[in-house]
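1. just a sequence and a predicted model for now, questions to come.
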Amino acid sequence: MYWRDAGSSDWERDQIVGNTTHFVAHNVSIDDFVFGVAAVGSDGHQSLISAYVASDRLFRYIWAAENFADCPGLSVSFRW
């Protein structure tokens, strides 16, 4: 697992978590960091780091709802 400050472009910290699909990083705020993971093969080769970045889909829905709210006959609904 890798993480970096939200404003940084380089991975600053890492932690080996082993062969798992679940890990809890204690005392690390998800608001302050960007997280990424990489796989390591049995031969030691590592994949590229895949980062989690929040989708802007919600913001697109909000923008559409705000900008088209006054259009007659248009209904905007959200499905979570």
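-> Structure's in. What do you need? Residues are numbered from 1 along each chain as shown.
2. so how far is Ile16 from Gly41?
-> 14 Å (Cβ to Cβ, to the nearest Å). Every C-beta, even on glycine, is put in place using the N, C-alpha and C of the backbone.
3. repeat for Gly44
-> As judged by Cβ to Cβ, Gly44 and Ile16 stand 12 Å apart.
4. try Asp5
-> Between Asp5 and Ile16 the distance is 21 Å, computed by Cβ to Cβ.
5. of the two, who's got more company?
-> Shown here are Asp5 and Ile16; by other Cβ atoms under 10 Å, Asp5 has more neighbours (12 against 6).
6. can you pull the contacts of the more buried one?
-> 12, 32-34 (Cβ atoms under 8 Å, 6 or more residues apart in numbering).
7. can you name every helix or strand that whichever strand or helix holds Gly36 contacts?
-> Following DSSP states H and E, one finds Gly36 within strand 33-37. Judged by 3 or more Cβ pairs under 8 Å, 6 or more residues apart in numbering; DSSP states H and E, the packing partners of strand 33-37 are strand 2-5, strand 50-51.
8. right, I'll call it a day here.
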